[in-house]
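**Student:** Predicted model and sequence follow; I will ask about them next.
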Amino acid sequence: MKNNLPEKIKILVVDDKPENLSVMFQLLSESYEVLAAEDGAIAIKIVEESCPDLILLDIMMPVMNGYEVLETLKNDQKTANIPVIFMSALSENVDKIKGLRSGASDYITKPFNNEEVLLRIETQVKIIKYRKELVELNLSLDRQVKKRTLALEDKFLELEKANNNLQQSENRYKVLFEDAPDSIVLIDINNGKVVDANPAASNLFGVDRKEIIGKDQREIFQNTEENVQRNISVVNATKTLGRPAQRLFSNLIVRSDGTKTPVESTVRTIFIDGNLYLQGIMRDISERKIVEEQLKIAKNKAEEMNKIKSNFLANISHELRTPLISILGFSQFLVEELQDEELRNMADIVNQGGQRLLNTLNLILDISLIENGKVSINESRLDIKNILEETAQKYKSDIESKGLQFNTRFSDESYPIKADENMLKQIFENLISNALKFTSQGFVNISLAKTTVNDKLYCSITIEDSGIGIHPSDLENIFKEFRQASEGATRNYDGTGLGLTIANRFIEYLGGYIEVKSIPGKGSIFTLFIPIFSDKENDLKSMIKESLEKRNDYTLNYNPGKQKILYVEDDFATREFARFILEKEFQLDTFESSEEALKSLTDNYYDLFLIDVNLGSGLSGLKFVEALNENKLYQKKPKVAVTAFAMRGDREKLLARGFTHYLSKPFERRSLIEMVKSLV
């Protein structure tokens, strides 16, 4: 029995990075039949064997790059018309232009925007389907013409006997020509004039067919020089090969009222009564153009909304972080100072709630930055073992308090990498906290080793738990934004569903990848692979030296006496919290505005400045720092930006504007004391 289901469009994805192939497979496999190739040579073999409808082709590949693959395909008549979309991290215009001039149909830049990828593929798929429909129509017409021609050859042999049959055959052809849904015109190749047109063409041009017949094709088509050359090439190919040839392209027709209508045209040669004609089959694509323009407008609007969202999140960050100072600060102070156990427990609950809110805020801000491609990476040489040990110890007490076994297995050798330290810590924290959250009994194990993947040396970090595990059908969702294995009314665990998403995106930024193995009810194993840095200077000795230098910087200016500190902060609760923390060991002057603080410099000398960046309607903290740096007396004094602007990249911007140090809100009691003691 014949299967009446529509055949899936077949897409070949060519990329030398397996993780990119995996991303594209997950994105496309539901709607399309997806083939994959890791290099150009394999891709060409797959094209020869499977003949895909569309090719997504990476440009920068070893041995055979994307341009060479495309040239090979275009030089082969069987594969020349397969549309190719280039994929590359290259973003310079010259690379895009080179790709399009080489014959590519479109261009996608990395990292991928899923919506953009799907929209560009859908556009190409529409074109492919239209071409297939036109080809099928042409084949149908060609079969009819051949049938008529064969009938004519037979009838001419018996002209007198078959005159009635010949007339019937001509009538059948006329029916096909007259009733065809697409516009058809016949053009004399000798003078370029229209010799016939069907009713559909009359409707398309907006005039009676008699007014079309006899007109020069240049009067009714907005032919570019390129289109004229296509017509000539079709005729020349027919004369050379002795059989019909055809070309597909876009064109504009000029209607009777002077308006221009976009059409998709198939121009082919056709023999009628021994004479050669050009047959143009046209389909109005105005609606498709409108849809494409609407998609473009929708895309621009979505990008604008995304920008607005990012600005909103940046502003809401400040507004949320400032009150969190008093919530976290005073609740922590009460936990440490209260004698009444019940009140102390209440304060601890408030503090935990504030910490949870802060963590959620940080996750949302991170994913917003990732979505907008604004992640700031501050790479440095690190020993990943030190960072992993530090992070593991941070969770040790929480893991053991749940009655879980906690085991770490690290060798004594060093693991030098080049990465963003804060980004690396967040990856580890997200994965370890997940293991803790979803494990109620058994163990959490962390191990570190070296491994080789495709002749490249990696750090292999394994985080294994005996928790609830993940069902195979849910594995594809765990790295998606705001997704968990249990969701909606059936959700069993708190959280935003962003931790694994951010960890996965961050590790991709560091050039690594994550593998997951899980059995429902028995636990999960997350394995991170991060490239080992091969620079010989980054050895253990240099790392120890760097650590000692940092310690020297930390203690060099420490003075146990009562040094004088100036703190500018427009939030009363934050000023009071700082006063509770610092007034016992230091002289502290607090001011609500920069104007008041500047006046105090006349009669006071300060060893340290703590300055809020956003001070409401008055003089900003940035202006205050500029004024201090213009004064020789205070140019070398430490100036700490105490701010709720804590998105990635804000620290570097503030340090570049004149601050010497940075402390993000909400800050803890200990972090403020340690910061101050290290600077005065």
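**Tutor:** Cool, got the structure. No experiment lies behind these values; they were computed from the predicted model shown.
**Student:** which SS state does residue 194 fall under?
**Tutor:** strand (DSSP: H, G, I helix; E, B strand; the rest coil).
**Student:** Just the CA coordinates for stretch 592-604, please, in CSV.
**Tutor:** The C-alpha coordinates for stretch 592-604 follow below in CSV (Å, rounded to 0.1, in the frame of the first residue of the first chain):
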residue,chain,number,x,y,z
GLU,A,592,23.6,60.6,51.4
SER,A,593,24.9,62.6,48.4
SER,A,594,28.2,63.4,46.6
GLU,A,595,27.7,67.1,47.2
GLU,A,596,27.7,66.6,51.0
ALA,A,597,30.7,64.2,50.8
LEU,A,598,32.8,66.7,48.7
LYS,A,599,32.2,69.4,51.4
SER,A,600,33.5,67.1,54.1
LEU,A,601,36.9,66.9,52.3
THR,A,602,37.7,70.5,53.4
ASP,A,603,38.1,69.6,57.0
ASN,A,604,38.8,65.8,56.9
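**Student:** Show me which positions of that stretch end up buried.
**Tutor:** By neighbour count with 16 or more other Cβ atoms under 10 Å, stretch 592-604 contains the buried residues 592, 593, 594, 597, 598. For the C-beta atoms, the positions are set from N, CA and C on the backbone; glycine is no exception.
**Student:** my read: the second one touches residue 620, true?
**Tutor:** What it means is residue 593. No: taking contacts as Cβ atoms under 8 Å, residue 593 lies outside contact range of residue 620: 10.2 Å.
**Student:** Which neighbours do these two have in common?
**Tutor:** In terms of Cβ atoms under 8 Å, 6 or more residues apart in numbering, residue 593 and residue 620 are not both contacted by any residue.
**Student:** which SS class is residue 388?
**Tutor:** Residue 388 - assigned by three-state DSSP - is helix.
**Student:** Identify the residues contacting it.
**Tutor:** Shown in contact with residue 388 (Cβ under 8 Å, 6+ apart): 410, 428, 446, 448, 461.
**Student:** what's the answer for residue 72, then?
**Tutor:** 40, 44.
**Student:** quick check, it in a helix?
**Tutor:** Yes: the assignment for residue 72 is a helix, going by three-state DSSP.
**Student:** okay, it: pLDDT?
**Tutor:** Residue 72 carries a pLDDT value of 90.
**Student:** now swap in residue 492 and tell me
**Tutor:** Looking at residue 492, its pLDDT is 47.
**Student:** now swap in residue 44 and tell me
**Tutor:** What the model reports for residue 44 is a pLDDT of 90.
**Student:** One more: residue 444?
**Tutor:** Residue 444 is assigned a predicted lDDT (pLDDT) of 90.
**Student:** Which strands and helices lie in contact with the helix or strand containing it?
**Tutor:** Using DSSP states H and E, the element containing residue 444 is strand 443-453. Judged by 3 or more Cβ pairs under 8 Å, 6 or more residues apart in numbering; DSSP states H and E, the packing partners of strand 443-453 are helix 384-401, strand 405-410, helix 421-437, strand 456-465.
**Student:** Next, the angle strand 405-410 makes with the first one.
**Tutor:** With axes from the mean of the first three to the mean of the last three Cα atoms, to 10 degrees as the criterion, the two stretches helix 384-401 and strand 405-410 enclose an angle of 170 degrees.
**Student:** Only C-alpha atoms, please: export helix 384-401 in PDB.
**Tutor:** Listed next in PDB are the C-alpha coordinates belonging to helix 384-401 (Å, rounded to 0.1, in the frame of the first residue of the first chain):
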ATOM      1  CA  ILE A 384      41.100  24.000  37.800                       C
ATOM      2  CA  LYS A 385      41.800  21.700  40.700                       C
ATOM      3  CA  ASN A 386      42.000  24.600  43.200                       C
ATOM      4  CA  ILE A 387      38.700  26.100  42.000                       C
ATOM      5  CA  LEU A 388      36.900  22.700  42.000                       C
ATOM      6  CA  GLU A 389      38.200  21.900  45.500                       C
ATOM      7  CA  GLU A 390      37.200  25.300  46.800                       C
ATOM      8  CA  THR A 391      33.700  24.900  45.300                       C
ATOM      9  CA  ALA A 392      33.300  21.400  46.600                       C
ATOM     10  CA  GLN A 393      34.200  22.400  50.200                       C
ATOM     11  CA  LYS A 394      31.600  25.200  50.000                       C
ATOM     12  CA  TYR A 395      28.900  22.400  49.600                       C
ATOM     13  CA  LYS A 396      30.500  19.800  51.900                       C
ATOM     14  CA  SER A 397      28.600  20.700  55.000                       C
ATOM     15  CA  ASP A 398      25.200  20.900  53.200                       C
ATOM     16  CA  ILE A 399      25.700  17.500  51.500                       C
ATOM     17  CA  GLU A 400      26.700  15.800  54.700                       C
ATOM     18  CA  SER A 401      23.900  17.500  56.700                       C
END
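**Student:** can you start the count at 110 instead of 1 from here on
**Tutor:** Understood, numbering begins at 110; the last thing we discussed is helix 493-510.
**Student:** immediately after the lowest-mean-pLDDT helix or strand in the chain, which helix or strand?
**Tutor:** The helix or strand of the chain with the poorest confidence is helix 649-664; it has a mean of 36 (mean pLDDT, DSSP states H and E). Where DSSP H and E defines the elements, the next helix or strand beyond helix 649-664 is strand 673-677.
**Student:** longest helix anywhere in this structure?
**Tutor:** Criterion DSSP state H: the longest helix present in the chain is helix 395-446.
**Student:** what packs against that one?
**Tutor:** Applying 3+ Cβ pairs under 8 Å, 6+ apart, we find helix 395-446 packed against helix 223-266, strand 369-381, helix 450-480, helix 681-691, helix 778-788.
**Student:** Could you figure out how far the second one is turned away from helix 223-266?
**Tutor:** Spelled out, that is strand 369-381. Using the same axes, to 10 degrees: strand 369-381 against helix 223-266 is 30 degrees.
**Student:** related to what we said a few turns ago, now the strand holding residue 553: buried residues?
**Tutor:** Buried, per 16+ other Cβ under 10 Å, within strand 552-562: 552, 553, 554, 555, 556, 557.
**Student:** which residues touch the nearest residue to the fourth one once chain neighbours are set aside?
**Tutor:** Once flanking residues are discounted, residue 555 sits nearest to residue 517: 4.9 Å by Cβ to Cβ, 6 or more residues apart in numbering. When contacts are counted by Cβ under 8 Å, 6+ apart, residue 517 touches 498, 501, 554, 555, 556.
**Student:** before we move on, the earlier item: what's the least confident stretch among the helices and strands packed on helix 395-446?
**Tutor:** Ranked by mean pLDDT, these end with helix 450-480 at the bottom, a mean of 72.
**Student:** Make JSON lines out of the helices and strands packed on strand 552-562 and add mean pLDDT.
**Tutor:** As requested, the helices and strands packed on strand 552-562 are exported to JSON lines (pLDDT from 0 to 100):
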{"stretch": "helix 493-510", "mean pLDDT": "85"}
{"stretch": "strand 514-519", "mean pLDDT": "86"}
{"stretch": "helix 530-546", "mean pLDDT": "81"}
{"stretch": "strand 565-574", "mean pLDDT": "86"}
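**Student:** Which stretch among those approaches residue 176 most closely?
**Tutor:** Of all those, strand 565-574 sits nearest to residue 176, with 25.3 Å by Cβ to Cβ.
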